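Chemist: sequence first, predicted model second:
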Amino acid sequence: MTTLQTAFEKARADKRAALVGYLPAGFPTKDGAVAAATAMVEAGCDVIEIGLPYSDPLMDGPTIQDAVHRALSNGTRIADVMRTVEAVARSGAAVLVMTYWNPIDRYGAERFARDLANAGGRGTITPDLTPEEAGPWCELSAAANIDTVFLVAPSSPDERIQAVADCCTGFVYAASLMGVTGARASVGAAAEGLVARTRAHTGLPVCVGLGVGTGAQAAEVAGYADGVIVGSAFIRRLLDAPDEASGLKAVRELAAELAAGVRG
């Protein structure tokens with residue numbers, strides 16, 4: 001089973017950045033999410049983030065909010081998230097769950113860590129869990145042998161970057177700009193400097209997300225980061241598709257374009 005460490009080591013050996021794709025469980029359907037994420041892996045994604053649908057996604061822009069709303073309308077629950085993780089892990093990618101803290105807390109943190117590990121999940125990204133409150137979750141994650149990923153932002157002072165990096169075991173998620181998720185015409189100008197500042201505090205991979213949606217943007221970010229994270233652009237392809245087959249084709253094409261970008 002592929003771990004985050006092996007995924008990044010393989011990318012490094014190939015002299016390129018890793019490609020990280022995001023998709024919520026249950027979107028466009030429960031089975032459709034598995035098919036789309038698997039297509040993303042087959043076309044070049046090294047790591048997949050499975051989003052846990054949540055009713056109050058503070059970090060997410062309108063595209064992801066739309067997808068999450070549809071997933072919730074489809075009746076997607078944590079058990080479905082775990083089944084999605086298990087199915088996508090069979091594709092050979094390292095699979096994480098991106099989730100706000102409240103669903104983990106309500107489910108039971110120890111139970112969540114155990115069930116995720118049993119499903120083949122390799123870690124979590126928890127954007128609203130602060131370093132000051134992360135200690136118990138980090139301990140439970142370590143006991144379950146899953147990684148923890150936290151976020152730094154362009155506004156983060158060096159001492160904050162250090163505190164966040166100290167909580168990470170998989171990679172550090174560097175938000176390219178201040179704001180919510182969504183593909184944009186250009187990647188935040190502060191991203192490269194943020195990666196450099198973060199590397200001064202950790203030997204872990206540093207991956208850039210928010211704003212990447214084209215092969216050219218992926219190539220730009222791959223020039224200075226260890227990983228390129230793409231979410232909204234994949235979701236937009238599925239939202240705009242007239243049917244599921246067309247959506248899968250569009251997702252596969254985008255993943256191939258992005259994979260070529262990180263290898264450029």
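Modeler: Cool, the structure landed.

Chemist: other SSEs contacting the one helix or strand Ala233 maps to?
Modeler: Secondary structure assignment for Ala233, by DSSP states H and E: helix 232-240. Using 3 or more C-beta pairs under 8 Å, 6 or more residues apart in numbering; DSSP states H and E, the elements in contact with helix 232-240 are strand 18-24, helix 30-42, helix 62-73, helix 244-262. Yep, even glycine has a C-beta here, placed from its N, CA and C like the rest.

Chemist: okay, the angle between that helix and helix 30-42?
Modeler: Angle of helix 232-240 versus helix 30-42, following axes from the mean of the first three to the mean of the last three C-alpha atoms, to 10 degrees, is 130 degrees.

Chemist: for helix 232-240, list every residue counted as buried.
Modeler: By neighbour count on 16 or more other C-beta atoms under 10 Å, the buried set for helix 232-240 is 232-238.

Chemist: same question, stretch 237-251
Modeler: Of all the residues in stretch 237-251, those buried under the rule 16+ other C-beta under 10 Å are 237-238, 241, 247-248, 250-251.

Chemist: for the stretch 101-250 of the chain, which spans come out with low pLDDT?
Modeler: 177-189 (pLDDT under 70).

Chemist: if you set the cut-off to 90 instead, what comes out?
Modeler: 176-190, 210-211 (pLDDT under 90).

Chemist: just the strands in it please.
Modeler: With strands called from DSSP state E, counting those that start in this stretch, the stretch 101-250 of the chain shows them at 123-125, 147-149, 151-152, 172-175, 206-209, 227-230.

Chemist: how about the nearest residue to Pro53, chain neighbours excluded?
Modeler: Ala71 (4.0 Å; C-beta to C-beta, 6 or more residues apart in numbering).

Chemist: ignore what I typed, I meant Phe112.
Modeler: Using C-beta to C-beta, 6+ apart and skipping residues adjacent in sequence, the residue nearest Phe112 is Ile104, 4.8 Å away.

Chemist: what's the answer for Arg12, then?
Modeler: Leaving aside its chain neighbours, Arg12 sits nearest to Asp226 (7.6 Å; criterion: C-beta to C-beta, 6+ apart).

Chemist: I figured that neighbour hits Phe8, correct?
Modeler: Yes: Asp226 lies in contact with Phe8 (C-beta atoms under 8 Å); the separation is 6.3 Å.

Chemist: need the overlap of contacts for the two.
Modeler: When C-beta atoms under 8 Å, 6 or more residues apart in numbering defines a contact, the residues bordering Asp226 and Phe8 alike are 18, 171, 205.

Chemist: of those residues - the most surrounded one?
Modeler: Phe171 (29 neighbours; other C-beta atoms under 10 Å).

Chemist: I figured that one hits Val208, correct?
Modeler: No: at 10.5 Å, Phe171 does not count as touching Val208 under the criterion of C-beta under 8 Å.

Chemist: report the beta-bridge partners for the closest residue to Ala153 other than its chain neighbours.
Modeler: Take Ala153 and drop its neighbours on the chain: the residue closest to it by C-beta to C-beta, 6+ apart is Ala175, 4.7 Å away. For Ala175, the beta-bridge partners are Gly209 (DSSP bridges).

Chemist: now do the same contact list for Ala175.
Modeler: Taking C-beta under 8 Å, 6+ apart as the criterion, Ala175 is in contact with 151-154, 194, 209-210.

Chemist: from Gly32, how far off is it?
Modeler: Separation of Ala175 from Gly32 (C-beta to C-beta, to the nearest Å) stands at 28 Å.

Chemist: and what of Gly211?
Modeler: 25 Å.

Chemist: so the two - more neighbours on which side?
Modeler: Neighbour count, other C-beta under 10 Å: between Gly211 and Gly32, Gly211 has more, with 24 against 17.

Chemist: pretty sure that one contacts Gln217?
Modeler: Yes: with contact defined as C-beta under 8 Å, Gly211 counts as touching Gln217 (7.3 Å).
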